[in-house]
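> no FASTA, just this:
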């Protein structure tokens, strides 16, 4: 059974701090790993990673994948209160189906 | 591009009634759509894969007779919760992959169902 584990489950930091969110996975047939941000409604797409060692970057957010060690990290620098959300990691194992982790609830204190 | 809509966004119904939720891909065609359920403070759980023109594929533990899925066209999938009970109250979300990036699923805004 495919499995995606995220850590920490929750994180509270002050505005301006840098955070690193972790995602490890065990799947039978890896195709890609995706990061989503979920605020009050449905998840919004952040990144899709398919190759090891290539950093994807969007503003203050960046992510990288390690296919040998089977994990990915999502970094957020200079955090803002608008970054408060649940961050979801999901793995596509070849048939378009996504297996989601439990998510990391990030809270940014002003 | 890759916009997915859902309707309704909120529904409250009495126990025993049926509720239909629509999921539409607005600017692309989707042969496959996915239906998820999310309980409070939990992650998204895939319920079923909706295939245009054929039967849906349900995940283990999801009752196909209770959660009816119809994918009548390349832009519309519907989920009907039949004989809803309070334990069916949840946040239901659909998603679809676009033609340009089938692996990047785009999510609808979700439907919050409350069964009294």
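Now that the structure is in, tell me what you want to look at. Because the structure is a prediction, the values reported are computed rather than measured.

> Which of the helices or strands spans residue 11?
Let's take chain A. Residue A:11 belongs to strand A:10-14 when elements are defined using DSSP states H and E.

> Wait, chain B was what I had in mind.
strand B:10-13.

> And the contacts of that strand?
Strand B:10-13 is contacted from outside by B:19, B:21, B:84, B:111-116, using C-beta atoms under 8 Å, 6 or more residues apart in numbering or on different chains. In this view, the C-beta of every residue, glycine as well, is placed from N, C-alpha and C.

> can we see that at 7 Å?
Outside of strand B:10-13, the residues within contact range by C-beta atoms under 7 Å, 6 or more residues apart in numbering or on different chains are B:19, B:84, B:111-116.

> who does residue A:36 bridge with?
residue A:45, residue A:88 (DSSP bridges).

> Quick check: it touching residue A:46?
Yes - Residue A:36 is within contact range of residue A:46, at 6.0 Å (criterion: C-beta atoms under 7 Å).

> pLDDT-wise, which helix or strand of the chain ranks last?
With no chain named, the answer covers chain A. strand A:98-100 (a mean of 89; mean pLDDT, DSSP states H and E).

> switch to chain B, that's the one I care about
Lowest on mean pLDDT, DSSP H and E among the helices and strands of chain B sits strand B:105-107, with a mean of 85.

> That one pairs with which strands, and in what direction?
strand B:90-97 (antiparallel).

> Name the residues that touch the strand it pairs with?
Applying C-beta under 7 Å, 6+ apart, the set of residues contacting strand B:90-97 is A:42, A:96, B:4, B:6, B:21, B:23, B:25, B:30, B:32-39, B:44, B:77, B:79, B:103-108, B:110-113.
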